[in-house]
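Chemist: just the structure for this:
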Amino acid sequence: MRLFILSIAAAAVFMTGCYKVREDSPVIVPGDTTSTEMTYKMKSRQVLEDIYKYYGVNGSVYVKESYPTQPGDPRYAYLWPYSAMFTGATLLKQMGYTDDAVQGYYNSTLAGMEGYKDVSRTPAAYQSSPVTEGLADRFYDDNAITGIDMLEAFHLTGDQQLLTNAKLCYTFCASGESPEAGGGLYWNEGC
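Modeler: Just a heads-up that it's a prediction; the model follows:
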């Protein structure tokens with residue numbers, strides 16, 4: 001199982017070096033004569049801006065779980081959708097947007113990701129809600145995706161802390177290995 005996890009990590013590292021830079025092209029919507037011409041790069045930025053506009057939580061680096069807020073929603077989004085925000089901000093940075101050009105989304109979501117990091121339990125891992133909200137479940141799949149996100153951002157920025165964060169995720173995932181039913185990983189550590 002550990003070989004499997006290491007293989008996934010190696011594949012993620014390899015894939016981060018295989019991106020093909022493409023020319024940006026206009027978004028073409030058949031039959032739409034009312035929209036102004038936008039490229040996919042511009043549309044990507046607009047999507048992230050719209051998400052923060054509707055889901056952003058004033059005075060914090062976090063976003064809401066849903067819009068409009070539903071009864072029973074937590075104060076902040078769970079790690080799974082929030083890590084997608086970090087992925088989006090990293091991709092915008094990869095496309096050449098500076099943090100100033102996209103209202104600090106990369107730095108903001110990176111700071112938010114740190115808020116989900118629970119170092120009080122061993123092994124350390126990202127939990128399903130910000131640590132300020134109390135202890136919460138820690139999911140192996142969430143940490144696997146977060147580890148890939150951190151590797152992507154490390155590849156882009158060279159920030160060693162991101163590599164350390166990725167290793168933290170993979171160490172946690174390896175701790176969820178089970179020999180039951182032929183082997184595999186549990187869904188979360190509470191299983």
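Chemist: any low-confidence regions in this structure?
Modeler: Counting by pLDDT under 70, the chain contains low-confidence residues at 1-37, 191.
Chemist: for the spatially most central residue of it, what is the enclosing helix or strand?
Modeler: Of all residues in the chain, the one closest to the mean position by CA atoms, centre = their mean is Ser83, 2.4 Å from it. Using DSSP states H and E, Ser83 falls within helix 79-94.
Chemist: picking up where we left off before, for the residue nearest to the centre of the chain, which non-adjacent residue is spatially closest?
Modeler: With sequence-adjacent residues excluded and distances taken as CB to CB, 6 or more residues apart in numbering, Ser83 is closest to Thr146, at 5.1 Å. Where C-beta positions appear, they are placed from N, C-alpha and C, glycine not excepted.
Chemist: list the buried ones in the helix or strand hosting that neighbour?
Modeler: When elements are assigned from DSSP H and E, Thr146 belongs to helix 140-157. Burial within helix 140-157, assessed by neighbour count using 16 or more other CB atoms under 10 Å, is assigned to 140, 142-156.
Chemist: just stretch 179-189 next, same as before
Modeler: Neighbour-count burial for stretch 179-189 flags Leu185, Tyr186, Asn188, Glu189 (criterion: 16+ other CB under 10 Å).
Chemist: show me the residues you listed that map onto strands.
Modeler: Among the buried residues of stretch 179-189, the subset assigned to strands under DSSP state E consists of Leu185.
Chemist: which one of the buried residues of stretch 179-189 is nearest Val47?
Modeler: Asn188 (29.7 Å; CB to CB).
Chemist: OK, contacts around the residue nearest to the closest one when sequence neighbours are not counted?
Modeler: Using CB to CB, 6+ apart and skipping the chain neighbours, the partner closest in space to Asn188 is Phe139 (4.5 Å). With CB atoms under 8 Å, 6 or more residues apart in numbering as the criterion, the residues that contact Phe139 are Leu79, Trp80, Ser128, Trp187, Asn188.
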